[in-house]
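# how would this look folded up:
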Amino acid sequence: MFRTIISVFALVSALAHGAAAPSRADWMYQARWGVFMHYLAPRADLPAAEWNRLVDGFDVEGLADQLGSAGAGYLIITIGQNSGHYLSPNKTYDSIVGIRPSKCSRRDLVADLSAALARRHIGLMVYLPAGAPDQDQVAMKALEWTRGPDRNANFQRKWEQVIAEWSARWGDKVRGWWFDGCYWPNAMYRSCEPPNFSTFAAAARKGNPGSAVAFNPGVFYPIFAESEQEDYTAGEIDDPTRVKCDGRWVDGAQFHMLSYLGAGWSHGEPRFTTDRAAEISAEIVRGGGVVTWDVPHGPTGQIPESFMRQLKSIGEAVGAVRR
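Okay, here's the model as predicted:
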């Protein structure tokens, strides 16, 4: 995997001692664990004014306080997903799709969240699908997206421009990207000619060359790295009890598992006992891995108390691990 190299001497020295070269995911290794939040529009036809009202009502300080009290090292939040609503403005996206009023929020919630989290020494990462919003037919057509094993070169060029605008604006306020739905890597990204995995990663790192990137192929056991451009594994898992971390590195990427604490992604009551959730987390961290848990939220982005109890227990268990 391509890594940021401090110097040739440092690289040779690290390899001589059996260590990996400096990685963009080193900070994740130090953070050990984090929280994932799907903050999405409830439906594709939600009026722009209503979406702006929801985004404006998001309490970044309240969520940051919750995450700080649990000892979380970072938050991953969705920029948007299938409805075509996004929680940050993007002129490039608006110019391509031509939707008025824009379904991108006026408020830059990512920037506001980053500021609140930074005051508590918590990192921020962002989620974005690798494809167009498939519940928005206008955007699908304008972006030239075809779902399935298609080269999708025109789409990818446009999507990278959209990603690059966000990345350039946020800079090092965003420390990593998690790209969902990279289901057809051979057709879309494994090419010597652009667009490919290299240009995809470069767009995400436009504003922050040190940004950690992962491409999600879906749920697979065991966890693996999708591309040499990955700094950490996407690691989407339905059953974390099946996961075993045997070391920090997987195909040159930081071992990372992402799963949900609720009945499913962003909904339901806790499916594990608090002790079991903490045990699973500690086992992965003890092995050299990083773990992220998805949790539900209320309208203002606050995490329900039943999940806060589990997150605090996870924080205590992970904090007790000494590698």
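# Going along the chain, name the strands of the stretch 101-250 of the chain.
With strands called from DSSP state E, counting those that start in this stretch, the stretch 101-250 of the chain shows them at 123-129, 176-180, 212-215, 249-250.
# surely residue 308 meets residue 66?
Yes - counting by C-beta atoms under 8 Å, residue 66 is a contact partner of residue 308 at 6.1 Å. C-beta: built from backbone N, CA, C; applies to glycine.
# Out of the strands of the stretch 101-250 of the chain, which one sits most buried?
Mean neighbours per residue, mean count of other C-beta atoms under 10 Å, is largest over the strands of the stretch 101-250 of the chain for strand 212-215, with a mean of 26.
# Just the CA coordinates for that one, please, in PDB.
Provided in PDB are the C-alpha atoms of strand 212-215 (Å, rounded to 0.1, in the frame of the first residue of the first chain):
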ATOM      1  CA  ALA A 212      -7.300   7.600   5.800                       C
ATOM      2  CA  VAL A 213      -9.400   6.000   3.100                       C
ATOM      3  CA  ALA A 214     -11.400   2.700   3.000                       C
ATOM      4  CA  PHE A 215     -13.500   1.200   0.200                       C
END
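# Determine the set of other helices and strands touching it.
If contacts are counted by 3 or more C-beta pairs under 8 Å, 6 or more residues apart in numbering; DSSP states H and E, strand 212-215 sits against strand 176-180, helix 197-204.
# closest to residue 22 out of the strands of the stretch 101-250 of the chain?
Residue 22 lies closest to strand 212-215 among these, at 12.1 Å (C-beta to C-beta).
# Identify the residues contacting the closest one?
Strand 212-215 has contacts (C-beta atoms under 8 Å, 6 or more residues apart in numbering) with 23-25, 27-28, 125, 130, 175-179, 182, 185, 189, 197, 200-201, 204-205, 226-227, 229-235, 253-254, 256.
# Now which of these would you call buried?
With burial judged by 16 or more other C-beta atoms under 10 Å, the buried subset of the contacts of strand 212-215 is 23-25, 27-28, 125, 130, 175-179, 182, 185, 189, 197, 200-201, 204-205, 226-227, 229-235, 253-254, 256.
# got the contact list for residue 211?
24, 167, 172, 174-177, 204-205.
# what's the closest of these to residue 261?
Closest to residue 261, out of all of the contacts of residue 211 and judged by C-beta to C-beta, is residue 176, at 20.6 Å.
# Surely the closest one touches residue 127?
No - the criterion here is C-beta under 8 Å, and residue 176 misses it with residue 127 at 9.9 Å.
# Mutual contacts of these two, please.
residue 76.
# coming back round to it: out of the strands of the stretch 101-250 of the chain, which comes closest to residue 270?
Distance to residue 270, taken as C-beta to C-beta, is lowest for strand 123-129 among these, at 21.8 Å.
# Distance to residue 241 for the strands of the stretch 101-250 of the chain - can I get that in JSON lines?
Formatted as JSON lines, those follow (distance: least, C-beta to C-beta, whole Å):
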{"stretch": "strand 123-129", "distance to residue 241": "24"}
{"stretch": "strand 176-180", "distance to residue 241": "22"}
{"stretch": "strand 212-215", "distance to residue 241": "22"}
{"stretch": "strand 249-250", "distance to residue 241": "19"}
